[in-house]
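Colleague: Build me a model:
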Amino acid sequence: MKDNSLISTVIVDDEEAAVDNLCFELRRHEGIRVEGIAGKGSAGIRLIEKKRPDLVFLDVELPDMMGMDVANHLHNTVNWGMQIVFYTAYDKYLIDALRNFAFDFLLKPIDPKELDVVIQRVRLNFDTDQGALQPPLPVGSPVVTEKSFMVVTPTGDLRILRISEIGYFRYLSARKIWEAVLTNGIFIPLRRNTSAENLCAYDASFVQVHQSFIINLNYLVMVQGTRCIMYPPFDGVEEVQVSKKFRKEMMEKFYQL
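Modeller: Residues are numbered from 1 along each chain as shown. The predicted model follows:
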């Protein structure tokens, strides 16, 4: 059983006023020690892997990546007891979705009473030797095992998407943005600084096949000439083409599935 008299903590947030407020409130809790603060997701990952904290307060939107991307990375690398608390100014509609990816959440600005509840739950969780990075699920909830990630639209809205929801991404040269093409027929535009590298990094099944197309290999049936033949609901799509530049790498990954 973990000695819960001391909980080492890392904060990943680029908003200085919010960090100062959180640190001030944490001082009220005996045994909470802030080991470090990072203002970017990449720096936060390095700090967490170095400090191996018990608890991480993680902002949803960081300058270089989304907080969920940081959480997904940590799920694959952390091998010690650690809990993530998402820490955000976004409305509750988003927070409900984030429950599947973190131990708990807090809204900015920090409500001291809500922080008290979170810290109490963290102590109880460690005291009962529950596993790291696993959120408590309500009774009767389905077990969610599919990987999800978060994207930002050009208007700043956040969307959480599952890998299986996306057939492909296409680049709109007139607007200079990528958009996600979903199984339900919806097209979701992504913010302008989203790159092909960012999209392919979300999951190994996302592979660039053309300067303007990234496909989900799980929906690929075959390549006919230069056209990607896809499973329903994308079987009628004719626009997705494979260019010579990307064909070899795409086919290698396709045969590895």
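Colleague: So which residues of the chain form helices?
Modeller: Residue ranges of the helices in the chain, as given by DSSP state H, are 16-26, 41-51, 67-77, 92-98, 112-127, 196-202, 244-256.
Colleague: Would you reformat these as a markdown table and include mean pLDDT?
Modeller: Formatted as a markdown table, the entries for these read as follows, by pLDDT from 0 to 100:
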| stretch | mean pLDDT |
| --- | --- |
| helix 16-26 | 94 |
| helix 41-51 | 95 |
| helix 67-77 | 82 |
| helix 92-98 | 55 |
| helix 112-127 | 85 |
| helix 196-202 | 90 |
| helix 244-256 | 87 |
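Colleague: For those helices, give me a markdown table that also has mean neighbour count and distance to residue 5.
Modeller: Bear in mind the C-beta positions are built from the backbone N, C-alpha and C, glycine included. Conversion of the helices of the chain to a markdown table gives the following (neighbours: other Cβ atoms under 10 Å; distance: least, Cβ to Cβ, whole Å):
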| stretch | mean neighbour count | distance to residue 5 |
| --- | --- | --- |
| helix 16-26 | 16 | 15 |
| helix 41-51 | 18 | 18 |
| helix 67-77 | 18 | 24 |
| helix 92-98 | 14 | 29 |
| helix 112-127 | 15 | 9 |
| helix 196-202 | 16 | 39 |
| helix 244-256 | 12 | 48 |
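Colleague: Can you add distance to residue 184 and give those helices back as CSV?
Modeller: Formatted as CSV, the entries for the helices of the chain read as follows, by distance: least, Cβ to Cβ, whole Å:
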stretch, distance to residue 184
helix 16-26, 35
helix 41-51, 29
helix 67-77, 21
helix 92-98, 17
helix 112-127, 35
helix 196-202, 19
helix 244-256, 25
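Colleague: Please report the distance of residue 109 from residue 65.
Modeller: Between residue 109 and residue 65 the distance, using Cβ to Cβ, to the nearest Å, works out to 24 Å.
Colleague: out of these two, which sits in the busier spot?
Modeller: Relative neighbour count places residue 65 above the other of residue 109 and residue 65, with 19 against 11, counting by other Cβ atoms under 10 Å.
Colleague: For the more buried one, which non-adjacent residue is closest in space?
Modeller: Excluding its sequence neighbours, the residue lying closest to residue 65 (Cβ to Cβ, 6 or more residues apart in numbering) is residue 41, at 3.9 Å.
Colleague: The one you found contacts residue 66, correct?
Modeller: Yes. With contact defined as Cβ atoms under 8 Å, residue 41 counts as touching residue 66 (7.5 Å).
Colleague: returning to what we had before: if I pick the residue nearest to residue 65, what's in contact with it?
Modeller: Under the criterion of Cβ atoms under 8 Å, 6 or more residues apart in numbering, the contact partners of residue 41 comprise 12, 62, 63, 64, 65, 66, 67, 69, 70.
Colleague: Alright, I will stop here.
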